[in-house]
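S.K.: just coords:
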């Protein structure tokens, strides 16, 4: 458990440091960078919603199919 906690702490700390370095050395201005991050977040969220809706429709269709093919009795 302790090794897992150390690993996760190192992973998070590494990600934070990497994000700080990228932000400092990015070739765009801060406002542009923030806008790109917001737009990327919004796009990712939109794609996740669409994928979720599609998967839900697939699962509902599968459920309907199984309910119709289930023997009554």
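M.R.: Cool, the structure landed. Given the structure is predicted, the values throughout are model-derived calculations rather than measurements. Residues are numbered from 1 along each chain as shown.
S.K.: could you point out the longest helix in the protein?
M.R.: helix 30-69 (DSSP state H).
S.K.: what's the spacing between residue 56 and residue 19?
M.R.: Noted for residue 56: a distance of 33 Å to residue 19, by CB to CB, to the nearest Å. In this view, the C-beta of every residue, glycine as well, is placed from N, C-alpha and C.
S.K.: repeat that for residue 10.
M.R.: 15 Å.
S.K.: got a list of contacts for the lowest-mean-pLDDT helix or strand in the chain?
M.R.: Ranking every helix and strand in the chain by mean pLDDT, DSSP states H and E puts helix 2-25 at the bottom, with a mean of 89. Residues from elsewhere that reach helix 2-25 (CB atoms under 8 Å, 6 or more residues apart in numbering): 30, 33.
S.K.: now do 10 Å
M.R.: Contacts with helix 2-25, where a contact means CB atoms under 10 Å, 6 or more residues apart in numbering, come from 30, 33-34, 37.
S.K.: how far off centre is it?
M.R.: Its chain's average C-alpha position is 18 Å from that of helix 2-25, according to CA atoms, centre = their mean, to the nearest Å.
S.K.: what's the angle from that helix to helix 30-69?
M.R.: Relative orientation of helix 2-25 and helix 30-69, computed by axes from the mean of the first three to the mean of the last three CA atoms, to 10 degrees: 130 degrees.
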